[in-house]
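Q: Fold the following and give me the result.
(chains A and B)
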Amino acid sequence: SQQGEEDPQALSIQEGENATMNCSYKTSINNLQWYRQNSGRGLVHLILIRSNEREKHSGRLRVTLDTSKKSSSLLITASRAADTASYFCATVEYSGAGSYQLTFGKGTKLSVIP
Amino acid sequence: ETGVTQTPRHLVMGMTNKKSLKCEQHLGHNAMYWYKQSAKKPLELMFVYNFKEQTENNSVPSRFSPECPNSSHLFLHLHTLQPEDSALYLCASSLLGGGGGYTFGSGTRLTVV
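A: Numbers count the residues shown, from 1 in each chain, chains lettered A, B, ... in the order given. Alright, predicted model coming up:
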């Protein structure tokens, strides 16, 4: 099944630096979403980028999508210790009868050191 | 609080027990999902309900039995589980038709002993 693969698996940066996480996928998608998960908790939806969009911003987040390379990146600018979490990309494919299937990658574990 | 509430937060059960996980949303969403999150594995979609009708069952063993009495409530009934079923079980909801973002609950941490 379609699956996003994040890179790197783990990332450690100093507070104030930018963090970049990448996601690659295999087949055509309707949209791609990024989620954040604090340790042992549920996922929080961060941003959605549609297949006909190339870049999207939300606060300190910037997401790009390159459908020709089947890849996306999430940039967090001016990172804070509170950004420490796991970040997941999820690809969305239309699965018929009005339904969409959301498939997650393994995630990138971000540590922001104060 | 995301608007999707899962209970209990933690559950320890023996392999011969029967228990149920509950999920509730009042966001007006019409699709609900169960995901399983195990250590070092991607989130696995287990079940999908659209307008309270099950539309997906991703080869989940029959010891997991979902129930969706209405579009706001979702249950996962558990019986004769195995230790490898220990995981974080996440419920999510969304609106159909838009391929939009999902709202997740905080999950139930299940330990099978």
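
Q: Pull the contacting residues for residue 8.
A: You didn't pick a chain, so chain A it is. Going by CB atoms under 8 Å, 6 or more residues apart in numbering or on different chains, A:Pro8 touches A:21-22, A:108. Bear in mind the C-beta positions are built from the backbone N, C-alpha and C, glycine included.

Q: meant chain B actually
A: Counting by CB under 8 Å, 6+ apart, B:Pro8 touches B:21, B:108.

Q: how near is it to B:Tyr49?
A: B:Pro8 sits 21 Å away from B:Tyr49, going by CB to CB, to the nearest Å.

Q: And the pLDDT for residue 3?
A: The chain I'm using is chain A. We have a pLDDT of 65 for A:Gln3.

Q: nope, chain B
A: At B:Gly3, pLDDT is 92.

Q: If I follow the layout properly, A:Glu5 ends up in contact with A:Lys106?
A: Yes. If you go by CB atoms under 8 Å, A:Glu5 and A:Lys106 touch, sitting 7.1 Å apart.

Q: Mind checking if the helix or strand of chain B with the lowest mean pLDDT is in reach of chain A?
A: Here the helix or strand of chain B ranked lowest by mean pLDDT, DSSP states H and E is strand B:53-57, holding a mean of 72. Yes. On the criterion CB under 8 Å from any CB of the partner chain, strand B:53-57 is in touch with chain A at B:55-56.

Q: Now the element after that strand, going C-ward?
A: The C-terminal neighbour of strand B:53-57 among helices and strands, as given by DSSP states H and E, is strand B:64-70.

Q: what's the angle from whichever helix or strand comes after that next one to strand B:64-70?
A: Next along the chain after strand B:64-70, taking DSSP H and E as the criterion, comes strand B:73-79. With axes from the mean of the first three to the mean of the last three CA atoms, to 10 degrees defining the directions, strand B:73-79 sits at 160 degrees from strand B:64-70.

Q: near chain A, anything from the helix or strand just after strand B:73-79?
A: As assigned by DSSP H and E, the chain's next helix or strand after strand B:73-79 is strand B:87-94. Yes. Interface with chain A: strand B:87-94 contributes B:88, B:90, B:92 (CB under 8 Å from any CB).

Q: For strand B:87-94, name the packing helices and strands.
A: strand B:4-7, strand B:18-25, strand B:31-37, strand B:103-104, strand B:108-112 (3 or more CB pairs under 8 Å, 6 or more residues apart in numbering or on different chains; DSSP states H and E).

Q: Give the buried residues for the biggest strand by length in chain A.
A: In chain A, assigned by DSSP state E, the strand with the most residues is strand A:85-96. Using 16 or more other CB atoms under 10 Å in any protein chain shown as the test for burial, strand A:85-96 gives A:85-93.

Q: now do stretch A:16-26
A: For stretch A:16-26, by 16+ other CB under 10 Å, it's A:19-25.

Q: before we move on, what about stretch B:89-98?
A: B:89-94, B:96.

Q: ditto for stretch A:27-45
A: In stretch A:27-45, counting by 16+ other CB under 10 Å, buried: A:29-37, A:41-43, A:45.

Q: Format the CA atom coordinates belonging to that stretch as PDB.
A: Only the C-alpha atoms of stretch A:27-45 are listed here, as PDB (Å, rounded to 0.1, in the frame of the first residue of the first chain):
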ATOM      1  CA  THR A  27       2.200   6.500  -6.300                       C
ATOM      2  CA  SER A  28      -0.200   9.300  -7.200                       C
ATOM      3  CA  ILE A  29      -1.900  11.100  -4.400                       C
ATOM      4  CA  ASN A  30      -4.800  13.400  -3.800                       C
ATOM      5  CA  ASN A  31      -3.000  15.300  -1.100                       C
ATOM      6  CA  LEU A  32      -0.200  15.000   1.500                       C
ATOM      7  CA  GLN A  33      -0.600  15.900   5.100                       C
ATOM      8  CA  TRP A  34       1.900  16.400   8.000                       C
ATOM      9  CA  TYR A  35       1.100  15.500  11.500                       C
ATOM     10  CA  ARG A  36       2.800  15.900  14.800                       C
ATOM     11  CA  GLN A  37       2.800  13.500  17.800                       C
ATOM     12  CA  ASN A  38       4.000  14.200  21.300                       C
ATOM     13  CA  SER A  39       5.300  11.100  23.100                       C
ATOM     14  CA  GLY A  40       2.600   8.500  23.600                       C
ATOM     15  CA  ARG A  41      -0.200  10.900  22.600                       C
ATOM     16  CA  GLY A  42      -2.500  11.300  19.600                       C
ATOM     17  CA  LEU A  43      -1.500  12.900  16.300                       C
ATOM     18  CA  VAL A  44      -2.200  16.500  15.600                       C
ATOM     19  CA  HIS A  45      -2.900  17.700  12.100                       C
END
